[in-house]
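1. with the sequence up front, the predicted model follows.
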Amino acid sequence: MSTTEHTATGADRLRANDPEPQEPVSPGLKKVGGVAGWVDDRTGAAKGVGYLMKKVFPDHWSFMLGEVAMYSMIICLLTGAFLTFWFVPSAGQVEYDGSYLPLRGVMMSEAYASTLDISFDIRGGLIIRQIHHWAALLFIVAINVHMMRVFFTGAFRKPRELNWLIGAQLSMLALVEGFAGYSLPDDLLSGTGLRAAEGFMRSVPVLGSYLSYFVFGGPFPGEAIIPRLYSVHVLLLPAILVGLFTAHIVLVAVQKHTQFPGPGRTNENVVGYPVMPVYAAKAGGFFFIVFGVVALMSALVTINPIWAYGPYDPSPVTAGSQPDWYMGFADGALRLLPGWLEFEALGFTFSFNVMIGAILLIPVMYGLISIYPFLEEWVTGDKREHHLLDRPRNNPTRTGIGMAGIAAYAVLMFAAGNDLMAIKLGLSINDITIFLRAAFFIAPPVAFWITKRICLSLQRRDRDLVLHGRETGRIIRTAEGRFFEKHEPVDAYTRWNLVQHEQHQPLQLEAGVDENGVASPTARKDRLRAKVSQFYFGDRVEPVTPAELEAAHHDGHHAEAIEHEPRGGAPLVEVGSGENPDGEDGQHR
């Protein structure tokens, strides 16, 4: 028996390094592999596809905002392709004889008649129309909220300035695409919008009438505008949007993805899940969730009921006509601009009370948005790459500027409904308009100041939390009869997020002349930059340093004194614990 056992053990030892038997590959998988190999031999795509499949993406809910924008655009493309089968982009007049009885026998354009046919006579046409409209609105919302996330977290910094520019152009073109889309049905509301657009074009000094004649192909309304809008809405702008989105996604894939700070996360790595199989499965499921929510809204909530408006006719237009919400800020600007901005000079009428809000506002607004990353880089002088995001509270000035812009936008949106507010609330429309004019100049600075003070207060709270820990609510009495509340120190992971950020110092103004008394050619620019830097970083709360934390843990009275001394240096991660959140020893700065 012992000899047999010894022989078996020896045989097992000889086979210890033998390869494990593999399951035979199925015929179907062999065919797939053969096709993939054939394609790779001719395109060399395996390397690029493998890189993309292994690409790591961080897992945070705010990154889904960009995905919602992308999925909404895909839904618009799919439903738009369906609608093009039956929509007739023509202003030619026909007599309606479809299923909607209230309009039967009415003369209307072929565009309006075909839209009615899609809504009432094409199976599934109405819900596809509504999905298309709701998805377009969701696309504009998602892309703007996504840009807010990028702005407030500083994700636009080097090397992502180009992606920020792409996002700004996507947002602006989405407004134009939406306007072109809801103008196509040629109903009373969309026709009124086109009539307003024609008036906006005419407000351009000297060239306005020529611009209007060129766009409409003659006097308004003409028969050329609907086919032209159709080409712009279906071919030109979608191609540009898809191209910009593709460039955006390619840049995201080429560059490291941004991530929020945390243990183990640095500018040199990305902590998350690879595209295959985790992220692809999650993204695919999220797409169907977005599609399902849009379909549910479209099934339950009516939007743009063109049959209730009737075909376009200038005579029944009322003051209650308003564009879709995303053009509300421009409509509000028109209502707030004073009438004295229209005047005559050199034989021409200059209607700046219309042109500023209708023509200049959108390009100026998006121009300012586009140049902001370069302005902040000039102020800070920071040329480094940034892959870790900021907490908004840790950059109070940037956060305040963002809230000031949102406040100005909100005032313009409220102004777009000044007539409805006057009617519903029984107030004077003139008083409302004067109040909103004042609010446009007062609200942004107030929003900036309040936001900045809140951010600084939150930073001071973070400092106090790191130095003194959390309040436990337990009162302890010492042998000497003193009472104090016991504080519980925060854990190392929480402390990391509270102290890891950098704090820029204001630039110091240097002498404007050299040792020979020659004035510097950049002295004026340097003075301006120093002033702007002081505006950005003059009020700041420094992160806790190792010395402050050690003093707080060993000598509370001494810590109070240190907190009032000038502070500098890099922020602390962990002091003297022997193990930090990254799994390394010692103290980190």
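-> Structure's in. What do you need? Numbering: from 1, shown residues only.
2. mind checking how far the nearest residue to His60 once chain neighbours are set aside is from Ala407?
-> If you skip the residues right next to it in sequence, His60 has Phe260 as its closest partner in space, 5.9 Å away by C-beta to C-beta, 6 or more residues apart in numbering. Backbone N, C-alpha and C define where each C-beta goes, glycine included. To Ala407, Phe260 is 26 Å away according to C-beta to C-beta, to the nearest Å.
3. okay, those two: which has more neighbours?
-> Taking neighbours as other C-beta atoms under 10 Å, Phe260 and Ala407 compare with Ala407 leading, 21 against 16.
4. quick one: residues contacting Gln503.
-> Residues in contact with Gln503 (C-beta atoms under 8 Å, 6 or more residues apart in numbering) are Asn394, Phe537, Arg540, Val541, Glu542, Pro543, Pro571.
5. just to be sure, it is in a strand?
-> No: looking at Gln503 with DSSP: H, G, I helix; E, B strand; the rest coil, it is coil, so not inside a strand.
6. okay, it: pLDDT?
-> Looking at Gln503, its pLDDT stands at 81.
7. ok, Ile359 next?
-> For Ile359, the model assigns a pLDDT of 91.
8. quick one, phi/psi of it?
-> phi -110, psi -50 (degrees, to the nearest 10).
9. ok, now Leu207?
-> phi -90, psi 0.
10. what about stretch 138-150, average pLDDT?
-> For stretch 138-150, mean pLDDT rounds to 95.
11. with Thr302 as the reference, measure out to Asp117.
-> Taken as C-beta to C-beta, the span from Asp117 to Thr302 is 18 Å.
12. identify the residue spatially nearest to Leu507, adjacent ones excluded.
-> Leaving aside its sequence neighbours, Leu507 sits nearest to Ser533 (C-beta to C-beta, 6+ apart; 4.1 Å).
13. for the one you found, give me its contacts.
-> With C-beta under 8 Å, 6+ apart, Ser533 has these contacts: Val379, Thr380, His504, Pro506, Leu507.
14. which of the residues you listed are buried?
-> By neighbour count, with 16 or more other C-beta atoms under 10 Å, those hold Val379, Thr380, Pro506, Leu507 as buried.
15. from these, which is closest to Ala91?
-> Val379 (52.2 Å; C-beta to C-beta).
16. can you show me the strands along the stretch 301-450 of the chain?
-> Remark: strands assigned in the stretch 301-450 of the chain by DSSP state E, counting those that start in this stretch are 342-345, 348-351.
17. turn these into CSV, including distance to Phe216.
-> Output for these, formatted as CSV (distance: least, C-beta to C-beta, whole Å):
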stretch, distance to Phe216
strand 342-345, 23
strand 348-351, 18
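18. output the lowest mean pLDDT helix or strand found in this structure.
-> Within the chain, confidence by mean pLDDT, DSSP states H and E is lowest for helix 556-563 among all helices and strands, at a mean of 47.
19. still on that earlier bit, pLDDT for the buried ones among the contacts of Ser533 - can I get that in TSV?
-> Shown next, in TSV, are these (pLDDT from 0 to 100):
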residue	pLDDT
Val379	90
Thr380	88
Pro506	81
Leu507	78
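20. any chance of the residues you listed in CSV with distance to Tyr112 as columns?
-> Below are those laid out as CSV (distance: C-beta to C-beta, whole Å):
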residue, distance to Tyr112
Val379, 53
Thr380, 55
Pro506, 61
Leu507, 61
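21. from the contacts of Gln503, which two are the most distant?
-> In terms of C-beta to C-beta, the contacts of Gln503 reach their longest pairwise distance at Phe537 and Pro571, which sit 15.3 Å apart.
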